[in-house]
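how does the following fold in three dimensions:
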Amino acid sequence: MGSHFDPLQQRGQGTGLPPSTQSGGGAGFPWGSTALPVYLPASQTLQQLALTEVRARARLCLDLLDAAPTVDQWKMILSPSTSTCVIAGAGSGKSTTLILRLLVLHKLLGIPLNETHVFSFTKASTEDFQDKLASQLASWEERLERRQVTGQRWEELKKATRRVVSTFHSVIARLRPAVIMGDFPGIFDLLGDRPPGEDEVTNFNPFLLAKLSAQQRDTNSQPKNLSQ
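Numbers count the residues shown, from 1 in each chain. Below is the predicted model of the structure:
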């Protein structure tokens, strides 16, 4: 699914992606540190982000998207580690930077979108992230790949981002049937007066329910056998 667009090749400065580097925990970081090394699981795919050619290609591509990350934001975008912790205040650009990292991972390293996942805390933040990610994917296709993003293509991108970005509790709700065996009611069952839609299942938050549906009220009013 990754794009073969190579702006450096178009400008006569390079060819395809270079081969993967050797496996090693956190190797290849461009910034120095006097702390003792922390060995983490390594990914040869991610470690390509430590290569000069890939870093230059990423900077050029994001520049064509009119993105202007700060020095610290670039560290997050191009981190070749499988575990990167970012601590920053509200409104500092964490979500925007994460979107740019997803673009680099997907478009330049060829990681399929369905092999990535972003978790958020609320439905509002999830939907906002989905819209921004879809918009950036569309911009990449239009500006860098010279593809026309039709209405149908936009809907495809929106659907793809809904699979990538979701709330924590919606993931738990989807995983519960595979983890809890047998006929177990569970607290994440969707009970309502009509079948739930796809968006309701994806963004369902049982902790934010203000009202009980008729089916929920009937269920709660039924006597429970505590000996089972």
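
all strands for the chain, in order.
Counting by DSSP state E, residue ranges of the strands within the chain are 118-120, 165-167.

who's in contact with the first one?
Contact with strand 118-120 is made by 98, 102, 126, 129, 133, 164-168, 171, as judged by C-beta atoms under 8 Å, 6 or more residues apart in numbering. For glycine as for every other residue, the C-beta is placed from the backbone atoms N, C-alpha and C.

and if we set it to 7 Å?
98, 126, 129, 164-168, 171 (C-beta atoms under 7 Å, 6 or more residues apart in numbering).

just the buried ones from those?
Neighbour-count burial (16 or more other C-beta atoms under 10 Å) applied to these gives 98, 126, 129, 164-167.

now that we have these, can you turn them into CSV and tack on distance to A90 and pLDDT?
CSV is the format used below for the buried ones among the contacts of strand 118-120 (distance: C-beta to C-beta, whole Å; pLDDT from 0 to 100):
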residue, distance to A90, pLDDT
L98, 14, 95
T126, 17, 93
F129, 15, 95
V164, 23, 93
V165, 19, 93
S166, 21, 91
T167, 18, 89
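
looking at the residues you listed, which is nearest R55?
Among these, L98 lies closest to R55 (C-beta to C-beta), at 17.8 Å.

what about dumping the CA coordinates of the helix of greatest length in the chain to PDB?
If you go by DSSP state H, the chain has its longest helix at helix 123-143. Presented in PDB, the C-alpha positions along helix 123-143 are these (Å, rounded to 0.1, in the frame of the first residue of the first chain):
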ATOM      1  CA  LYS A 123     -15.100  10.300  20.700                       C
ATOM      2  CA  ALA A 124     -14.600  14.000  19.800                       C
ATOM      3  CA  SER A 125     -10.800  13.700  19.800                       C
ATOM      4  CA  THR A 126     -11.000  10.400  17.800                       C
ATOM      5  CA  GLU A 127     -13.200  12.000  15.100                       C
ATOM      6  CA  ASP A 128     -11.000  15.100  14.900                       C
ATOM      7  CA  PHE A 129      -7.900  12.900  14.500                       C
ATOM      8  CA  GLN A 130      -9.600  10.800  11.800                       C
ATOM      9  CA  ASP A 131     -10.600  13.900   9.800                       C
ATOM     10  CA  LYS A 132      -7.100  15.400  10.000                       C
ATOM     11  CA  LEU A 133      -5.400  12.200   9.000                       C
ATOM     12  CA  ALA A 134      -7.800  11.700   6.100                       C
ATOM     13  CA  SER A 135      -7.100  15.300   5.000                       C
ATOM     14  CA  GLN A 136      -3.400  14.800   5.100                       C
ATOM     15  CA  LEU A 137      -3.600  11.500   3.200                       C
ATOM     16  CA  ALA A 138      -5.700  13.300   0.500                       C
ATOM     17  CA  SER A 139      -3.200  16.100   0.300                       C
ATOM     18  CA  TRP A 140      -0.300  13.700  -0.100                       C
ATOM     19  CA  GLU A 141      -2.100  12.000  -3.000                       C
ATOM     20  CA  GLU A 142      -2.900  15.200  -4.700                       C
ATOM     21  CA  ARG A 143       0.400  17.100  -4.200                       C
END
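
residues touching A88, list them.
Contacts of A88 (C-beta under 7 Å, 6+ apart): K94.

tell me where this protein has helices.
7-10, 52-64, 71-77, 94-103, 123-143, 151-164, 168-179, 198-202, 214-221.
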